[in-house]
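Visitor: build the 3D model from these lines:
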Amino acid sequence: MGQALGIPDSGLLLQRDPVSVIDPNEPLDKLLRNKRFRQSFMAFADSCLAGESLHFYNEVHEHDKIPVDDPVRRIYMARHIIEKYVVPGAAMEVNISYRTRQEILTTTNLAHPDLFNNALNELMQLMKTNLAKDYWSSMFFIKFKEANMRSNGHELESMTGWNFSPRLSSVHGADDPFHQEHVLKGSGFDNHDLHTQ
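Guide: Numbers count the residues shown, from 1 in each chain. All right, here's what the predicted structure looks like:
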């Protein structure tokens, strides 16, 4: 939706986040600023049939990128979010309190910068309690860590020219402690002949 409104992909949700180590002790809202982490966490949430909270989070942050002095686009985006996530029975209805839902639905200012703040706070609390704990022990997090390590290795390689990939077969030639044994076997000697010399 943000692209349709001409919202630049900048600000909190960067197109290419620097590769960084993800610490599970960091606050979830801070971790979600990392695009790669957010995509992995969203895939996990979708697999648990609980992805609407993260999709709402994404769209609200897209909404927040629209300048306050552009009320037309802010209202258009707010209406889209309300129809998709807030209206009872919506396609991706989020689990927020009745009070917060009514605050959003009955507001007279759809361009207000804090329109979705209470809903985001409630959903962040739900995600911390229900999804985050399970995510850290899921295959999604393990795959995210592996991909993060691989991309970190590629970045080091492009910066230094060295290949830091964690291959088991990275020892070659004379550095290989078994190399001598292979050469000797091919030359007609065996280990017994070596010990007698």
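
Visitor: if I look at Asp46, how far off is Pro67?
Guide: Asp46 sits 31 Å away from Pro67, going by C-beta to C-beta, to the nearest Å. (C-beta placed from N, C-alpha, C; glycine too.)

Visitor: those two: who's more crowded?
Guide: Asp46 (14 against 9; other C-beta atoms under 10 Å).

Visitor: residues touching that one, list them.
Guide: With contacts defined as C-beta atoms under 8 Å, 6 or more residues apart in numbering, Asp46 has no neighbours.

Visitor: the one 3 residues further on now?
Guide: Under the criterion of C-beta under 8 Å, 6+ apart, the contact list for Leu49 is empty.

Visitor: and the contacts of the helix or strand hosting Leu123?
Guide: Taking DSSP states H and E as the definition, Leu123 sits inside helix 117-126. Outside helix 117-126, the residues that touch it by C-beta under 8 Å, 6+ apart are 28-29, 53, 56-57, 60, 86, 94-97, 100-101, 103-104.

Visitor: ok, 7 Å please
Guide: Helix 117-126 is contacted by residues 28-29, 53, 56-57, 60, 94-97, 100, 103-104 when judged by C-beta atoms under 7 Å, 6 or more residues apart in numbering.

Visitor: got the CA positions of it in PDB?
Guide: Taking Å, rounded to 0.1, in the frame of the first residue of the first chain, the C-alpha atoms of helix 117-126 are listed here in PDB:
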ATOM      1  CA  ASN A 117      -0.400   4.100  18.800                       C
ATOM      2  CA  ASN A 118      -2.600   2.300  21.400                       C
ATOM      3  CA  ALA A 119      -3.400  -0.500  19.000                       C
ATOM      4  CA  LEU A 120       0.300  -0.900  18.200                       C
ATOM      5  CA  ASN A 121       1.200  -1.000  21.900                       C
ATOM      6  CA  GLU A 122      -1.400  -3.700  22.600                       C
ATOM      7  CA  LEU A 123      -0.300  -5.800  19.700                       C
ATOM      8  CA  MET A 124       3.300  -5.400  20.600                       C
ATOM      9  CA  GLN A 125       2.500  -6.800  24.000                       C
ATOM     10  CA  LEU A 126       0.600  -9.700  22.500                       C
END
